[in-house]
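K.L.:
predicted structure and sequence below. I'll ask about it afterward.
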Amino acid sequence: MQVIASVAWATHLSRLEARPRRVEQAQACSRLVIGGIFPHVADVSRFRSKRPTFLLLLEYGIYRCFESSFQYLPPRWVDAIGRLLGHIAHDLMPRRRAIVERNCMIAWGDSLSRDEVKALTKEVFLRNGANLLGATRCMIMPDHKLHRHLSIEGAELVRNHLQHSSSGVIFALCHMGNWEILARIASLIAPNVPSAAFYRPLNNPWMNRMTKRRRQRSGMKLFSNKEGFSQAVPLLREGGMLGILADQHAGRTGTRATFFGRPTACSPLAEVLHRRTGAAMFYVAVFRDAPAHWHIKISPHSVDAPMDTPHLMANIEKSLSLSPADGFWFHDRWKQYKRALLKDPHSRDGLDPLAITKPRRWLLVGSSNSQIQAAATAAMQHVIDHADDAQVDVISTAPINPVRGAWHLRAENVAMQINEIANQSLNPLDIIVYFCALEEIPANLDISYAFLTAGISPSKNRKLNVHLPTNDSLTNEPTWWKFLAHLGLKKP
């Protein structure tokens, strides 16, 4: 269960007090927070479900039967069943497997071999299967029984702070381990101290009532996703505890920072709350250390390090690196938006260029037709000149000099050439942009991780994730400038 999914807004916190609009953005952020959600149980869309009532009741009934059956099974059996289901999911979900592999390559590709990345990808499925079913089993356990399946390291640091300070505690959580433990982390550590979570109602009203009742039974306050920010500030100022999922992608309006060395959108919500309330920051890692048993490691923010989003993300990296396989890597953490594909949508506030150790990778593929290549060359060079921090490799018949990357003379077997470039590094490709005719685009590539492709096609084509629908001649230079405009880059 998610305690809270942190969201984002474009800001730099040092200007927050000076500009009231920043406060409004922070409050708007809290209205987008999604919390108290079982991702493996219910759909988490932004809108209320329009499904018929009997389907919602059926969904609720199936889940309760599913949950009830697990209370009669030993936790180790539930763990084994979860790993088995994870194994099946790994084999039957190639698209999700490709996303997990890509995430693992970005996070740990600089320290693992390709075979080790493959093995880690599979273990992510197995471990998360055990964690998700284990969370379902733990959900119906009271705290004193749940403690039998836990070991906690660092709880005394939190209790000591609460005892000797009037300020509250922010738990910077990450998507890892048993989600039910994440939801109950505050009550497990200091049950007599007020705690809270942001909460967005589930689409299913019966599931929603059950979830709220269970959360409130442990003494946790549930903040409305509309007014949560304004409620969180007094809670922390009065010495309460609040958990924030600080590692998820923050959308187009997020603050741009590095995560595992690659630029991405990060939420400064934890930073905002810390600066507004003076609450202490603790980082929480939850990982499976034995069948049906989890270890919680709590670490304080270093007193010597600034309390800003880049340093927060660096500490989140440390938490996830304690057990990479326990991370919930099934979402596209380093997103590339299909709309305006080549346009960087994120604010650059707080981004340290020296921290970018794993730049985004783009590949531009030109045409074997000399007339098409001549018409597309200026547009290809424009992409290179405006790639910001991306590494751009180029395949073409005409020499083009990338600022960061390499030029390759187009080979007869371009599919093999693309495969070699894509797999020469464990920093994965993000985008392949084709500046050639549709029939020149390879139908199948030997690239196992997830990436996006773009090109020109009169209609939708399975070769392309993004296409410019036009019948204009590819030998005319304006056609390629029109293509770039479609991808988010304008002609100079």
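P.N.:
Looks like it came in fine.

K.L.:
pretty sure residue 474 sits against residue 372.
P.N.:
Yes. Look at residue 474 against residue 372 with CB atoms under 8 Å: they come within range, at 4.8 Å. C-beta here means a position set from N, CA and C on the backbone, and glycine is covered the same way.

K.L.:
identify the contacts common to the two.
P.N.:
Overlap of the contact sets of residue 474 and residue 372 (by CB atoms under 8 Å, 6 or more residues apart in numbering) consists of 436, 437.

K.L.:
number of residues surrounding the residue lying closest to residue 328 once chain neighbours are set aside?
P.N.:
Spatially, and ignoring its direct neighbours in sequence, residue 328 is nearest to residue 175 (3.8 Å; CB to CB, 6 or more residues apart in numbering). Residue 175 has 23 neighbouring residues, counting by other CB atoms under 10 Å.

K.L.:
residue 298 belongs to a helix?
P.N.:
No. Under DSSP: H, G, I helix; E, B strand; the rest coil, residue 298 falls outside any helix and is assigned strand.

K.L.:
report how many residues lie close to it.
P.N.:
By other CB under 10 Å, 21 other residues sit near residue 298.

K.L.:
doesn't residue 289 fall inside a strand?
P.N.:
Yes. Using three-state DSSP, the assignment for residue 289 is a strand.

K.L.:
in the stretch 351-492 of the chain, what spans have low per-residue confidence?
P.N.:
Scanning the stretch 351-492 of the chain for pLDDT under 70 picks out no residues.

K.L.:
kindly report the same for the stretch 51-200 of the chain.
P.N.:
Looking at the stretch 51-200 of the chain by pLDDT under 70, you get 51.

K.L.:
can you give me the strands in it?
P.N.:
With DSSP state E, counting those that start in this stretch, the ranges of strands along the stretch 51-200 of the chain come out as 150-153, 169-173, 195-199.

K.L.:
tell me the domain ranges of the protein?
P.N.:
The chain breaks down into these domains under automatic domain parsing: 13-326, 359-486.

K.L.:
right, and residue 123 touches residue 325 too?
P.N.:
Yes. Using CB under 8 Å, residue 123 is in contact with residue 325, at 4.2 Å.

K.L.:
the stretch 51-200 of the chain: helices as residue ranges?
P.N.:
Taking DSSP state H, counting those that start in this stretch as the test, the helices found in the stretch 51-200 of the chain are 53-70, 75-92, 94-108, 114-139, 143-146, 155-164, 179-183, 185-189.

K.L.:
cool, the stretch 251-400 of the chain as well?
P.N.:
According to DSSP H, counting those that start in this stretch, the helices that the stretch 251-400 of the chain contains are 269-277, 309-321, 370-385.

K.L.:
nearest to residue 257, out of those helices?
P.N.:
helix 309-321 (4.8 Å; CB to CB).

K.L.:
and the closest one, what other elements does it pack with?
P.N.:
helix 94-108, strand 169-173, strand 255-259, helix 269-277, strand 280-290, strand 293-300 (3 or more CB pairs under 8 Å, 6 or more residues apart in numbering; DSSP states H and E).

K.L.:
next, the angle from the fourth one to helix 309-321.
P.N.:
Right, helix 269-277. Interaxial angle of helix 269-277 relative to helix 309-321 (axes from the mean of the first three to the mean of the last three CA atoms, to 10 degrees): 130 degrees.

K.L.:
offset the numbering so it begins at 292, please.
P.N.:
Noted, 292 is the first residue going forward, which turns the last one into helix 560-568.

K.L.:
would you put the C-alpha positions of helix 560-568 in PDB?
P.N.:
In PDB, the C-alpha atoms belonging to helix 560-568 read as follows (Å, rounded to 0.1, in the frame of the first residue of the first chain):
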ATOM      1  CA  LEU A 560       7.700  18.000  -1.700                       C
ATOM      2  CA  ALA A 561       9.900  16.600   1.100                       C
ATOM      3  CA  GLU A 562      12.200  19.600   0.700                       C
ATOM      4  CA  VAL A 563       9.300  22.100   0.900                       C
ATOM      5  CA  LEU A 564       7.800  20.500   4.000                       C
ATOM      6  CA  HIS A 565      11.200  20.400   5.700                       C
ATOM      7  CA  ARG A 566      11.900  24.000   5.100                       C
ATOM      8  CA  ARG A 567       8.400  25.100   6.200                       C
ATOM      9  CA  THR A 568       8.400  23.000   9.400                       C
END
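
K.L.:
list the helices and strands it packs on?
P.N.:
So helix 560-568, by 3+ CB pairs under 8 Å, 6+ apart, packs with helix 311-322, strand 460-464, helix 519-528, strand 532-536, helix 600-612.

K.L.:
so the spatially closest residue to residue 443 that is not a sequence neighbour versus residue 481, what's the distance?
P.N.:
Take residue 443 and drop its neighbours on the chain: the residue closest to it by CB to CB, 6+ apart is residue 587, 4.6 Å away. According to CB to CB, to the nearest Å, residue 587 and residue 481 sit 13 Å apart.

K.L.:
now do the same contact list for the residue nearest to residue 619.
P.N.:
Residue 466 is in contact with 536, 538, 539, 618, 619, 622, counting by CB under 8 Å, 6+ apart.

K.L.:
distance of it from residue 620?
P.N.:
Residue 466 is 8 Å from residue 620, by CB to CB.

K.L.:
count the neighbours of residue 457 for me.
P.N.:
Residue 457 is flanked by 9 other residues according to other CB under 10 Å.

K.L.:
nearest spatial neighbour of it, chain-adjacent residues omitted?
P.N.:
Using CB to CB, 6+ apart, the closest residue to residue 457 is residue 530 (5.7 Å).
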